[in-house]
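S.K.: next come a sequence and a model predicted from it.
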Amino acid sequence: MQIEKDKTEQSGHPVADAPSKKVFIKTWGCQMNVYDSTRMQDALEGDGYTPTQDLDDADLVLLNTCHIREKAAEKVYSNLGRIRKLKQQRAGTDRPMTIGVTGCVAQAEGEEIIRRERAVDLVVGPQTYHRLPEIVAKAITSGPQIDTEYAVEDKFEHMPLASAKQVKSRGVTAFLTVQEGCDKFCTFCVVPYTRGAEISRPHAQIITEAKSLVDAGVREITLLGQNVNAWHGIDPKGSEMRLGELLYDLAEIDGINRLRYVTSHPKDMDDGLIEAHRDLDCLMPYLHLPVQAGSDKILKSMNRSHTADEYVSIIDRVREVRPDIAISGDMIVGFPGETDEDFEATMEIVRRTNYAQCYSFKYSMRPGTPGAEMEDQVEESVKDERLARLKALLTEQQQAFNASCVGKTIDVLLEKRGREANQLIGRSPWLQGVVVPSHLGTIGDTVRVVVTKANTNSLMAQAAG
């Protein structure tokens, strides 16, 4: 399986004595899509498919799509055009190719995908991945299948847990989805329409999957959700709980060295979660908390349900209990109606927050969202100029944060081999890649190092002491 993402790439490997059917999965978008792809792979392996990184050798090709970025659907159709040629070459052979589109573009486009690209055999939305083996089988025997209905049953209950062998092939870090969907309805975003309403995964399911990951060698777990800190559930004693309490329970699992969570909404950043940052050493000092803009007028137009001052107040409270925390965020420039003064307010909130890392984007219209119908759309040339200015400031802040790490003694979880034979690469508590000498440990170890150099996106380190 191939998983392609802006900042994340992960591949499965064939298992011993695997059957001949092979699946290639290409993934765009967020960490949740990466998680979904691994779960789809797990479900398909139970049906006789083994993952491959070679598109030409695949019996089944799945494009797991994202609808957030600009021209997302067009990118999917472009890929389908190339894959169609491979399918045509295999027609009439003993290994015909089956093509599927999954994810948020599948949910949004539905039947239109098959109408525009006849080579597609199945279209499956994010809520029905647990039925994927059945849908694939029907597509092969009965023709094109479309399943974009929101499932009544709990898809997580029906998705198989990854085997120890599958987990080990993916490394010592893992994603674990605990929440899906969104009820916030930001006016720029399609997620409520493609992922549905906010749903929290049951506490027992989360604990069970976390334990299985740890038993298979995972040492760092990142909890995922469109609004992960909106998670709520019932503990074994019947008491209501929120994400903070869930983190306390996960921290008690023997073998978990590190916990993270993403993506959060300021509205759901409650006291219990802030206290977890204070109390739990295994909860890494890194918080991804998007604000999107610094102008209260634009925030209201975006339906963000918070002001700039309220956002900064949350950051201040977190920093008070965890002074070493690194703050990450998202910013959108050029939202409809954004004036020069509004953009300057965004620059100001960036200065006030002082991000360790922040992703920035130009606003692009998403059909069906309120933002697409708004007047006062900002010209592309203005968006380009504002984005360039914002990126320059964010890069300056990121480089300053990385430079501040030089000389610090930190713990690094070793994740993979480096480019050089004598190097290993791990992650700092603040999520930077860290290159260390290979003699310091093996993959899966947490080693104590001192940072010797800061690069643009990574750190160099040597043994401490």
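M.R.: Okay, I see it.
S.K.: tell me where the model's unsure across the stretch 151-300 of the chain.
M.R.: Counting by pLDDT under 70, the stretch 151-300 of the chain has low-confidence residues at 151-156, 158-160, 166.
S.K.: how long is stretch 52-66 end to end?
M.R.: With Cα to Cα, to the nearest Å as the measure, the ends of stretch 52-66 fall 21 Å from one another.
S.K.: show me where the stretch 101-250 of the chain has helices.
M.R.: Using DSSP state H, counting those that start in this stretch, the helices of the stretch 101-250 of the chain run over 104-109, 111-116, 132-142, 155-158, 164-168, 191-194, 203-215, 243-251.
S.K.: out of these, deepest packed?
M.R.: Each of those was scored by mean neighbour count; the highest is helix 104-109, a mean of 25, by mean count of other Cβ atoms under 10 Å. C-beta coordinates here come from the backbone N, C-alpha and C atoms, glycine included.
S.K.: residue 320 and residue 377, how far apart?
M.R.: 40 Å (Cβ to Cβ, to the nearest Å).
S.K.: these two - which one has more neighbours?
M.R.: Higher neighbour count among residue 320 and residue 377: residue 377, with 16 against 11, using other Cβ atoms under 10 Å.
S.K.: and the pLDDT at the more buried one?
M.R.: Listed pLDDT for residue 377 reads 95.
S.K.: pull the contacting residues for it.
M.R.: 336, 365 (Cβ atoms under 8 Å, 6 or more residues apart in numbering).
S.K.: before we move on, the earlier item: out of the helices of the stretch 101-250 of the chain, nearest to residue 451?
M.R.: Nearest to residue 451 among those is helix 243-251 (26.0 Å), distances taken as Cβ to Cβ.
S.K.: for that closest one, C-alpha coordinates in PDB please.
M.R.: As requested, the backbone C-alpha atoms of helix 243-251 are provided in PDB (Å, rounded to 0.1, in the frame of the first residue of the first chain):
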ATOM      1  CA  LEU A 243     -10.600  14.100  26.000                       C
ATOM      2  CA  GLY A 244      -8.500  15.100  29.000                       C
ATOM      3  CA  GLU A 245      -9.900  12.100  31.000                       C
ATOM      4  CA  LEU A 246      -9.300   9.800  28.100                       C
ATOM      5  CA  LEU A 247      -5.600  10.900  27.900                       C
ATOM      6  CA  TYR A 248      -5.200  10.000  31.600                       C
ATOM      7  CA  ASP A 249      -6.600   6.500  31.000                       C
ATOM      8  CA  LEU A 250      -4.300   6.000  28.000                       C
ATOM      9  CA  ALA A 251      -1.300   7.200  29.900                       C
END
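S.K.: what sits up against it?
M.R.: Counting by Cβ under 8 Å, 6+ apart, the neighbours of helix 243-251 from elsewhere in the structure are 178, 203, 206-207, 210, 221, 223, 228-233, 235, 256, 259, 261, 268, 270-276, 279-280, 282-283.
S.K.: of these, just the buried ones, ChimeraX syntax please.
M.R.: Typed into ChimeraX, the next command selects the buried ones out of the contacts of helix 243-251 (criterion: 16 or more other Cβ atoms under 10 Å):
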select :178,203,206,207,210,221,223,228,229,230,231,232,233,256,259,261,268,272,273,274,276,280,282,283
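S.K.: next one: phi and psi at the residue nearest to residue 137 when sequence neighbours are not counted?
M.R.: The shortest distance from residue 137 to any residue that is not its chain neighbour, by Cβ to Cβ, 6 or more residues apart in numbering, is 7.5 Å, and that residue is residue 47. Note on residue 47: its backbone torsions stand at phi -110, psi 10 [degrees, to the nearest 10].
S.K.: quick check, residue 385 in a helix?
M.R.: Yes. Residue 385 forms part of a helix when assessed by DSSP: H, G, I helix; E, B strand; the rest coil.
S.K.: correct me, but the residue nearest to residue 137 touches residue 131?
M.R.: No. Under the criterion of Cβ atoms under 8 Å, residue 47 lies out of contact with residue 131, with a separation of 11.4 Å.
S.K.: those two - which one has more neighbours?
M.R.: Legend: neighbour count by other Cβ under 10 Å for residue 47 and residue 131, higher for residue 131 (19 against 15).
S.K.: distance of the more buried one from residue 123?
M.R.: In this view, residue 131 and residue 123 are 13 Å apart by Cβ to Cβ.
S.K.: mind listing the shared neighbours of those two?
M.R.: Where contact means Cβ under 8 Å, 6+ apart, the residues bridging residue 131 and residue 123 through contact with each are residue 147.
S.K.: all strands for the stretch 1-150 of the chain, in order.
M.R.: Under the criterion DSSP state E, counting those that start in this stretch, the stretch 1-150 of the chain contains strands at 2-4, 9-11, 22-27, 50-51, 60-65, 98-103, 122-124, 145-147.
S.K.: and residue 438, which of those is closest to it?
M.R.: Closest among these, once you apply Cβ to Cβ, is strand 9-11, at 21.4 Å.
S.K.: any idea of the pLDDT on the nearest residue to residue 428 once chain neighbours are set aside?
M.R.: In this structure, residue 428 finds its nearest non-sequential neighbour in residue 434, 5.2 Å apart by Cβ to Cβ, 6+ apart. For residue 434, the model assigns a pLDDT of 97.
S.K.: need the CA coordinates for the helix or strand encompassing residue 434. CSV is fine.
M.R.: When elements are defined using DSSP states H and E, residue 434 is found to belong to strand 433-437. Listed next in CSV are the C-alpha coordinates belonging to strand 433-437 (Å, rounded to 0.1, in the frame of the first residue of the first chain):
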residue,chain,number,x,y,z
GLY,A,433,12.7,15.3,13.0
VAL,A,434,16.0,14.7,14.8
VAL,A,435,19.0,13.1,13.2
VAL,A,436,21.3,11.1,15.6
PRO,A,437,24.2,8.7,15.3
